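J.: give me coordinates for this.
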Amino acid sequence: MSLFNLLSVSASGMAAQRTRAEILVENMANAETTRTSQGGPYKRRDVIFESASQQSPFQSILRNEMGEASNGVRVSEVIEDARAPDKRYLPGHPDADAEGYVSFPHMNPAEEMVDLISATRGYQANVSAMSAVKDMIHRSLDMLR
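T.: Predicted coordinates:
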């Protein structure tokens, strides 16, 4: 596998983790949103990853010569939580139903924070991998001098 392919694999991981972090931050920002343009409370969203082959300008030649392919990751879809919203008794709230209950997004802020920390660590791991590859490239160039 080419060192440059490794860079594209790490870059795909960084892009996927960035998307995941953006969705998690959106979830946390809307934890108390009771009314959306679609009607009803905000629905928590989650990111689904899948393996994806990485293409580089020399990928086809390398694959023919070495028989190796490199896989990265990509976001295959963003799904909405299908669980029922949480009901809270707040009779004075403008979004309260006839019984005085307000529908809030079904969300656990602690779980969202743990997922955000996980996304951040995944992003940092890809940055470290890219730095290691960059160091290998520099050392290879130094040996050729």
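
J.: show me what the top helix by length along the chain is packed against.
T.: Secondary structure of the chain per DSSP state H: the longest helix is helix 109-144. Packing partners of helix 109-144 (3 or more C-beta pairs under 8 Å, 6 or more residues apart in numbering; DSSP states H and E): helix 3-29. Bear in mind the C-beta positions are built from the backbone N, C-alpha and C, glycine included.

J.: got the angle between the longest helix of the chain and helix 3-29?
T.: 160 degrees (axes from the mean of the first three to the mean of the last three C-alpha atoms, to 10 degrees).

J.: ok now helix 109-144, how far from the chain's centre?
T.: Chain-centre distance of helix 109-144: 15 Å, with C-alpha atoms, centre = their mean, to the nearest Å.

J.: list the buried residues in that helix.
T.: Judged by neighbour count using 16 or more other C-beta atoms under 10 Å, the buried positions of helix 109-144 are E112, D115, L116, A119, G122, Y123, N126, A129, M130, V133.

J.: so who does the residue nearest to the spatial centre of the chain touch?
T.: Among the residues of the chain, the one closest to the centroid is R20, at 2.0 Å (C-alpha atoms, centre = their mean). Contact analysis of R20 by C-beta atoms under 8 Å, 6 or more residues apart in numbering lists V47, F49, V75, D115, A119, G122.

J.: and for G72?
T.: Taking C-beta under 8 Å, 6+ apart, one finds S8, V9, S10, A11, S12, G13, S51, A52, S53, Q54 in contact with G72.
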